[in-house]
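>>> Got a predicted model here, sequence first, then my questions.
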Protein chains: 2
Amino acid sequence: MRSVGIVAEYNPFHNGHYFHLNQSKEVSESEVAIVAMSGNFLQRGEPAIVSKWTRTKMALLAGADIIVEIPYAFAVQKAEIFAFGSVYLLDALKCSSICFGSESGSIDPFFHTVELLKEQEEKYNQKIRFYIKQGVSYPKALALAYAELEKNKDSVDLSRPNNILGYHYISAADKLNSNMQFFTVKRNTAEHDDETIHDDQIASATSIRKLIKEEGNLNRIRPYVPESTFTEMDGYYHTYGHFHDWEDYWPYLQYRLATMGEAELNQMYDIEEGLPYRLQKAAQTAESFQSFMEMAKTKRYTWTRLQRICVHALTNTSRADIHSAGEAPGYIRLLGMSAKGREYLNKVKKDLSLPLVSTISSFPQDMLALDRKAALVYSQALKEPARKDLLSLEYAQPPIMAD
Amino acid sequence: MRSVGIVAEYNPFHNGHYFHLNQSKEVSESEVAIVAMSGNFLQRGEPAIVSKWTRTKMALLAGADIIVEIPYAFAVQKAEIFAFGSVYLLDALKCSSICFGSESGSIDPFFHTVELLKEQEEKYNQKIRFYIKQGVSYPKALALAYAELEKNKDSVDLSRPNNILGYHYISAADKLNSNMQFFTVKRNTAEHDDETIHDDQIASATSIRKLIKEEGNLNRIRPYVPESTFTEMDGYYHTYGHFHDWEDYWPYLQYRLATMGEAELNQMYDIEEGLPYRLQKAAQTAESFQSFMEMAKTKRYTWTRLQRICVHALTNTSRADIHSAGEAPGYIRLLGMSAKGREYLNKVKKDLSLPLVSTISSFPQDMLALDRKAALVYSQALKEPARKDLLSLEYAQPPIMAD
């Protein structure tokens, strides 16, 4: 039974995701599509617009077969760590292949790039350090350093977010000595973080969330999402009365920054010297998360890195917490599966290299504790009894079954 | 210039307070009334219904001459520490006397009680320990132990909250070798925490707050407060749109309990082994502060002690914070004064044993840092821009001047 792995956030699931899901099965000749999906908080340091359960349903209804959660310790991370955690999970799930979206749609340049950076690693790292010292952000330093390397073969443009992720997927599999094959599908969508819409059926998740926020209802997103996404989004709103947004968590972050000592804030994951004072000062006068971010940002920190730092401060995730969580995922948390997904899992069950976790209460583990805490924080955006109802799923929801 | 010290919370200032303020000046033959008042959070572990600035205005308009803030480290404390901090401040301000309310209105039994407990200290402490071991609350153990001591002279009933405070005022002055005289005035009001109203002009602060909460407006409190209180309360509501209540802070406490590790919670001030788990568990399912408290309370903790612990968790005040704040107030923070109050301060200024602080930004001190943090948290009950407006007073508001 051939299976293809997909790394996704589905925030929310849209036509571009649908296209990619189907193409992935096709090009990899797979019966089963396995998705490693982030949970409550996402790679770019944002809360998911709806719960992981609802996003799991969307994915199942659109044809995914197995959805597992990328642990918080890997989900809210820069591309390299995010990709490593995701690929590790898919490898542990015995995926035959991984298929990701890219600008060009051809896989060879990615392999060339992985080789190139291995060969010229020292030079590359030297150049990165040089640019970091000049005060530019980390992704910018990577792009500048990469541009200066000698390239004999086709290689990919590492200034594009999707290409960076693709590169890291292959690089992670290489480090893990994984046998997974790699495929890439040309992205039939706008840029990952594009806010405008260029096509009458395809819009980025960012622009879809923007439409929902601006319009205050779901009607405008109809052309860009499968009917099942529309129904699930609508159902979430009716059940919980709300779509999640950073602004919901802003009072908590503001309160948190107000009550933490500078030393305490300095212990938060990914924070660097000098930033605590800056964040705490901005929090006192900012009237919204947006205005806080505008006050706090500097040339050195990208917007997304600063957002991730804010998520870690919000969830009280320290460097020590991430350290003791471990260097690789320690479990596979199953969020949902189709009938075919279940058949697949039954077949590979005895070969899985990680425990399969479907209810969390009985699984005490530092890494899972971070997910549990993230779920507690995530639910605080909702009014009672919706908060309590959503939170109870974290402990009580068995994997969602489709078909 | 004779001065009388008063320890108060004025939450809000009512006719009973007015009566006590005037009686205090009269019986002590004082020209000047000096009030040591708690700030944002109160002795029984509650947020003040309106800001300390508005409560200062109420007191000034009703005839008080000087209002100083009891530091957080002494305000949100059991009677003994609360009384010690307050008396220390009034002594530092060179008060000639202190006048407090009591059930009987006669001062001698208080002195007899202080002597009695000094003479029989060892026996008293033994009995307290005995009852604590039996699992009763601390105040209950005090009352039971006290009842068993041998009494030759008139002594006070230490099961009544006002008597306990009065006893501790005198005991604190005794420890400080203070020359202040003591007076007591018979309370012409309901019990401190009485929720019902027995008189057509006198109601307790608790019942007044209850009326405001139930009615959603101020009309019903008119008979029980001076006109100036009514006007100030009304003004606060118009400026900030809200009266503060524990329920406003409940989402923050819930969030805080959700994100703290058990070890971290164990470091909070006044918390004891075993309580963290209980609090964190209750917070997950409670839908309000009231329901949380009902779930969390035990025979061993009084409601007020549990509330104080919650305030410390809310403000992230650890045992180490209270320890490093110091054993006695380190400054006198002036909130307001009348013309006569200013004249008094000018006279005693050079004899003050503590620095007089009127703007806080320039006064870095661990104890004051706790007050600053309390102000940050207190303001989180308000929507923007009210939050920001109120918070800015903490740094910018000069002492309020009356007449």
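That came through fine.

>>> residues contacting residue A:173?
Taking C-beta atoms under 8 Å, 6 or more residues apart in numbering or on different chains, we find residue A:173 in contact with A:87, A:91, A:98, A:180, A:182. All C-beta spots, glycine's among them, are computed from the backbone N, C-alpha and C.

>>> Give me the buried entries from the residues you listed.
Buried by 16 or more other C-beta atoms under 10 Å in any protein chain shown: A:87, A:91, A:98, A:180, A:182, out of these.

>>> Next up, identify which helix or strand the residue nearest in space to the middle of chain A is on.
For chain A, residue A:43 is the residue whose C-alpha lies nearest the centre (C-alpha atoms, centre = their mean; 3.8 Å). Per DSSP states H and E, residue A:43 falls between elements, in no helix or strand.

>>> My guess is it contacts residue A:76. True?
Yes. Using C-beta atoms under 8 Å, residue A:43 is in contact with residue A:76, at 6.8 Å.

>>> ok, how many other residues are close to the nearest residue to residue A:7 once chain neighbours are set aside?
Sequence neighbours aside, residue A:86 is the residue nearest to residue A:7 in space, at 4.2 Å (criterion: C-beta to C-beta, 6 or more residues apart in numbering or on different chains). Neighbour count for residue A:86, taken as other C-beta atoms under 10 Å in any protein chain shown: 30.

>>> In terms of helices and strands, where is residue A:86?
Element membership for residue A:86 (DSSP H and E) is helix A:79-92.

>>> Pull the residues that contact that helix.
A:5, A:7, A:34, A:36, A:43, A:68, A:70-71, A:73-75, A:77, A:98, A:161, A:164-165, A:168-169, A:171-173, A:175-176, A:178, A:180, A:328-329, A:332, A:352-354.

>>> Among those residues, which are located in strands?
Members of the contacts of helix A:79-92 lying in strands (criterion: DSSP state E): A:5, A:7, A:34, A:36, A:68, A:70, A:98, A:332.

>>> which residues sit in contact with the fourth one?
Right, the one you point to is residue A:36. By C-beta under 8 Å, 6+ apart, the contact list for residue A:36 reads A:5-8, A:68-70, A:85-86, A:89-90.

>>> which among the residues you listed gets closest to chain B?
residue A:69 (18.9 Å; C-beta to the nearest C-beta).

>>> residue contacts, that closest one?
A:36-39, A:52, A:75, A:333, A:335, A:371.

>>> Turn the residues you listed into TSV, including distance to residue A:20.
What follows is those, written out as TSV (distance: C-beta to C-beta, whole Å):
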residue	distance to residue A:20
A:36	14
A:37	13
A:38	16
A:39	20
A:52	19
A:75	19
A:333	23
A:335	19
A:371	26
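
>>> Among those, list the two that are farthest apart in space.
Greatest spatial distance in the contacts of residue A:69: A:36 and A:371, 13.8 Å, computed using C-beta to C-beta.

>>> Strands of chain A, residue ranges please.
With DSSP E as the criterion, chain A has strands spanning A:3-8, A:32-38, A:66-70, A:97-102, A:181-186, A:332-337, A:356-357, A:400-401.

>>> any chance of these in TSV, with distance to residue A:367 too?
As requested, these are arranged in TSV below (distance: least, C-beta to C-beta, whole Å):
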stretch	distance to residue A:367
strand A:3-8	18
strand A:32-38	14
strand A:66-70	11
strand A:97-102	22
strand A:181-186	26
strand A:332-337	10
strand A:356-357	11
strand A:400-401	22
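
>>> Mean pLDDT lowest where, among those strands?
Mean pLDDT is lowest for strand A:356-357 among the strands of chain A, at a mean of 91.

>>> ok, and the most crowded of the ones in strands among the contacts of helix A:79-92?
Highest count within those by other C-beta under 10 Å belongs to residue A:5, 31 neighbours.

>>> Who does that residue form a beta bridge with?
In this entry, residue A:5 is beta-bridged to residue A:34, residue A:98, by DSSP bridges.

>>> Up against chain B, what does the stretch 201-350 of chain A have?
A:251-252, A:254-256, A:258-261, A:284-285, A:287-288, A:314-316 (C-beta under 8 Å from any C-beta of the partner chain).

>>> Please repeat the previous calculation with a cut-off of 7 Å.
Within the stretch 201-350 of chain A, the positions near chain B by C-beta under 7 Å from any C-beta of the partner chain are A:251-252, A:255, A:258-260, A:284-285, A:287, A:315-316.

>>> In helices, which of those appear?
A:251-252, A:255, A:258-259, A:284-285 (DSSP state H).

>>> So how do I select the buried members of the residues you listed in ChimeraX?
Selection of the buried residues among those in ChimeraX, burial being defined by 16+ other C-beta under 10 Å:
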select /A:251,252,255,258,259,284
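
>>> Report the buried residues of the worst-scoring helix or strand of chain A on mean pLDDT.
Across the helices and strands of chain A, the lowest-confidence element by mean pLDDT, DSSP states H and E is helix A:138-147, at a mean of 87. Residues A:138-146 are the ones in helix A:138-147 that count as buried (16+ other C-beta under 10 Å).

>>> just stretch A:340-357 next, same as before
A:340-342, A:344-345, A:348, A:354, A:356-357.

>>> ok, now stretch A:363-383?
Those would be A:363, A:365, A:367-382, for stretch A:363-383 by 16+ other C-beta under 10 Å.

>>> How about that stretch and chain B, any contact?
Yes. Applying C-beta under 7 Å from any C-beta, one finds that stretch A:363-383 is in contact with chain B at A:373, A:376-377, A:380.

>>> So which of the residues you listed belong to helices?
Per DSSP H, these map to helices at A:373, A:376-377.

>>> ok, residue A:119 - how many residues close by?
Using other C-beta under 10 Å, residue A:119 has 12 other residues around it.

>>> again with residue A:257
Neighbours of residue A:257 under the rule other C-beta under 10 Å: 23.

>>> from what I can see it touches residue A:283, true?
Yes. If you go by C-beta atoms under 7 Å, residue A:257 and residue A:283 touch, sitting 4.0 Å apart.

>>> and the residue nearest to residue A:289 when sequence neighbours are not counted, how many neighbours?
Leaving aside its sequence neighbours, residue A:289 sits nearest to residue A:250 (C-beta to C-beta, 6+ apart; 4.0 Å). Residue A:250 is flanked by 22 other residues according to other C-beta under 10 Å.

>>> Likewise for residue A:280?
Other residues lying near residue A:280 total 20 when counted by other C-beta under 10 Å.

>>> just checking, it touches residue A:257?
Yes. Using C-beta under 7 Å, residue A:280 is in contact with residue A:257, at 5.1 Å.
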